[in-house]
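Undergrad: okay, predicted coordinates and the sequence, questions at the end:
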Amino acid sequence: MCGIAGRVGSSAGSKNAVTAAINSLAHRGPDDQGYFTAPGVELGMARLSIIDVAHGQQPKQDSTGKIEIVFNGEIYNHREVQEIVRKSGGKLIGDSEAEALAELYKIKGEQFLNDLRGMFAIAIWDSRDNSLLLARDRIGEKPLLYCETTAGNLVFASEMRAIFAFGVKSNVDESQIGNFLRLGYLNAPETIISGVKTLPPAHLLKFKDGKVNLARYWQLPDFKEIQIDKVAATQLISGALENAVVSQLSSERPLGTYLSGGIDSTLVTAFAARNSTSKINTFSIGFEDPAYDESSHARAVANYLGTEHHEIVVKPDPELILRKIGQVLDQPFGDSSIIPTFLLNQFASKEVIVALGGDGGDESMAGYDRYRAAPALQRLNPLLGAAKPLTKLVDRFGYTKLNRRGKRLLEAAKPYGSTRDRYLDLVSLVHSSEVNALLHPRISSENVGQNPLQRSWDLLNISDDSERARVLDLQTYLPGDLLFKTDISSMANSLELRAPFLDYRYLEVAHLIPTRFKIYNGEGKQLLRDLARTLVPSKLIDRPKMGFAIPRALWLRGPIKDMAHELLLGKTTMDRGWVDSKTVEKYWLLHQSGRDYDRILWPILMLELWARNWVDQAK
């Protein structure tokens, strides 16, 4: 695991710029730094050593010395890759993943990506034709940004701060502000900075002779349910998931798992404990507010599995942690669960360097309520217009008594033209009808348009709307929100976070499992529930899903009220001209009266916090 950065083109060749970029990524790789420079190219890396600790420095060359590589991530089948290289006549001097990748690329060219099982962002300089190849893993676990500069160069990096270190200006693309407010993130390839793009998951980029060419190298197979019964389907999923967990246990540094007590983390931990030669370290975080605390459930699972459990109950200073998060986030991000995620990573990093988590379980096996709710509500569409007066009464008098899921379902319980439109509003923080009113008139015309996820939905050739929604999340919400959050918060604490549920071989199996087994008797993620019950007692599994959240609405009325008011309605914010002050003030006053509008206020707050840290500070 590391941070990578580089520049290719006529301006490249000196070490100064790439050194500044890598220094900005030191948190991603505190163990070592390495560089390669030559006329027209600069490559650099900051290393967090996990595999081949003694000899895994980067950049690495192939055996001819004509190919240079830096990469961020882990190749879980690197032994298999080494064997492919040797059988193909390649030469390997050491044991590092990077050397094997360089040699495999020399043998197979761009097709080498098909042999990789892991999470990665790769940059390869090929002096044979003076080309740069960038590639990102299939699901988007590892980030990779790039920018074509006005001088005709291409710069790339793991994080935006390193892009800035190459001299790219922090000029905001104001046409993306509405999209950010809708989702709380931007869907690849878009970013908030003009000219900077995110390389989409499962894509490669080739830069040669000043031209950029993008290509997709992998996608899920066409959705066609396999003919199988429920027991056999559970066994199939069990084998694929356990294989993924085992493949990710390799590490020369201390390793553990995250354990919330939920189904996904319980499965990962159970398989890790079963296949480990030593007692597994597990980590959980709890909060004093019982509505947001799962630590007792995690403790019960840990006791049953016999892990070495580490637990902390935190009472964070909301303003202090928010300011810290503002320094970590070099791109705006509206998902408030980054706060507990950061705190968990911070806690675990005191004991281990590598952790396995449960990300991807819901997206792989239809765990979210919305996969069932959106199609079901659409079938009731003719009745929802008649129920509108009732929902208005609940909205006015009983809204604050509903839990988060209840509020989202209430907001979706109105007539929509299609399941697509209903689902896209369900996964949006700010609804289509609200976005334009929130934007300052100066930029509202630039932001008028369809939901940024609409095209992705329309391109999916899947007739079942529940499956279509699940695959949409795999392609957008998962990499854009969840994986951005886990990468940046874990790397800020110099910790490598792995996700067995995102192993592409497991995902290809899960994708073809019949929908009736993923959603069974109205309950999502059914096969994973059945599997978990074979590994731990049912009483540890059969409980409502909690999620990983903070009391965001209460914070905005309490401990960060003054800070939030200044960020939302202060002179600096108003002078920026991104949001309409009267509309923001309306939602602020409604929220302070007890009607929760934190879903609208939070992304605006985080956008402004980011701007003050990363736009204003650069001026």
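TA: Here it is on my side, so go on. Numbers count the residues shown, from 1 in each chain.
Undergrad: in contact with the residue nearest to Asn171 when sequence neighbours are not counted, which residues?
TA: Spatial nearest neighbour of Asn171, excluding adjacent residues (C-beta to C-beta, 6 or more residues apart in numbering): Ser194 at 4.5 Å. Placement of C-beta: from N, CA and C, glycine included. Ser194 sits next to Lys169, Asn171, Val172, Asp173 when contact means C-beta atoms under 8 Å, 6 or more residues apart in numbering.
Undergrad: would you format the residues you listed as JSON lines with secondary structure included?
TA: JSON lines is the format used below for the contacts of Ser194 (DSSP: H, G, I helix; E, B strand; the rest coil):
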{"residue": "Lys169", "secondary structure": "coil"}
{"residue": "Asn171", "secondary structure": "coil"}
{"residue": "Val172", "secondary structure": "strand"}
{"residue": "Asp173", "secondary structure": "coil"}
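Undergrad: and which of those residues is nearest Pro441?
TA: Val172 (17.2 Å; C-beta to C-beta).
Undergrad: hmm, Ala611 and the closest one touching each other?
TA: Yes - using C-beta atoms under 8 Å as the test, Val172 is close enough to Ala611 to be in contact (7.4 Å).
Undergrad: Leu424 against Ser456, yeah?
TA: No - counting by C-beta under 8 Å, Leu424 stays clear of Ser456, with 9.6 Å between them.
Undergrad: what ranges do the helices span in the stretch 301-450 of the chain?
TA: 318-328, 338-348, 361-365, 370-379, 381-384, 388-393, 404-412, 419-426, 432-438, 441-447 (DSSP state H, counting those that start in this stretch).
Undergrad: hey, least reliable of the ones you listed by pLDDT?
TA: Among these, helix 388-393 carries the lowest mean pLDDT, a mean of 52.
Undergrad: for Leu424 and Ser456, indicate the residue with more neighbours.
TA: Leu424 (25 against 15; other C-beta atoms under 10 Å).
Undergrad: quick one: secondary structure of the closest residue to the more buried one other than its chain neighbours?
TA: Excluding the flanking residues, the one nearest Leu424 by C-beta to C-beta, 6+ apart is Asn451, at 4.5 Å. Three-state assignment for Asn451 (three-state DSSP): coil.
Undergrad: so what's Asn451 up against?
TA: So Asn451 contacts Arg182, Asp421, Leu424, Asp425, Ser428, Ser432 (C-beta under 8 Å, 6+ apart).
Undergrad: reformat the residues you listed as TSV; add distance to Ser463.
TA: Putting the contacts of Asn451 into TSV (distance: C-beta to C-beta, whole Å) gives the following:
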residue	distance to Ser463
Arg182	26
Asp421	17
Leu424	18
Asp425	21
Ser428	24
Ser432	24
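Undergrad: and the furthest pair within those?
TA: Most distant of the contacts of Asn451, by C-beta to C-beta, are Arg182 and Asp421, 12.9 Å apart.
Undergrad: what residues are shared contacts of the two?
TA: Each of Ser432, Asn451 lies in contact with both Arg182 and Asp421 under the rule C-beta under 8 Å, 6+ apart.
Undergrad: hang on, Thr282 packs against Ala298?
TA: Yes - assessed by C-beta under 8 Å, Thr282 is found in contact with Ala298 at 7.4 Å.
Undergrad: what residues are shared contacts of the two?
TA: With C-beta under 8 Å, 6+ apart, Thr282 and Ala298 have common neighbours Leu259, His309.
Undergrad: filter the contacts of Ser194 down to the buried ones, PyMOL style.
TA: The PyMOL selection below is limited to those of the contacts of Ser194 classed as buried (16 or more other C-beta atoms under 10 Å):
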select buried, resi 172+173
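Undergrad: farthest pair within the contacts of Ser194?
TA: Lys169 and Asp173 (11.6 Å).
Undergrad: residues contacting the most centrally placed residue in the chain?
TA: Residue closest to the mean C-alpha point of the chain, counted by C-alpha atoms, centre = their mean, is Leu483 at 1.3 Å. By C-beta under 8 Å, 6+ apart, the contact set of Leu483 is Ile139, Gly140, Glu141, Asp359.
Undergrad: reformat those as CSV; add neighbour count.
TA: CSV is the format used below for the contacts of Leu483 (neighbours: other C-beta atoms under 10 Å):
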residue, neighbour count
Ile139, 24
Gly140, 28
Glu141, 27
Asp359, 26
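Undergrad: so which of the residues you listed are in helices?
TA: Per DSSP state H, helices hold no members of the contacts of Leu483.
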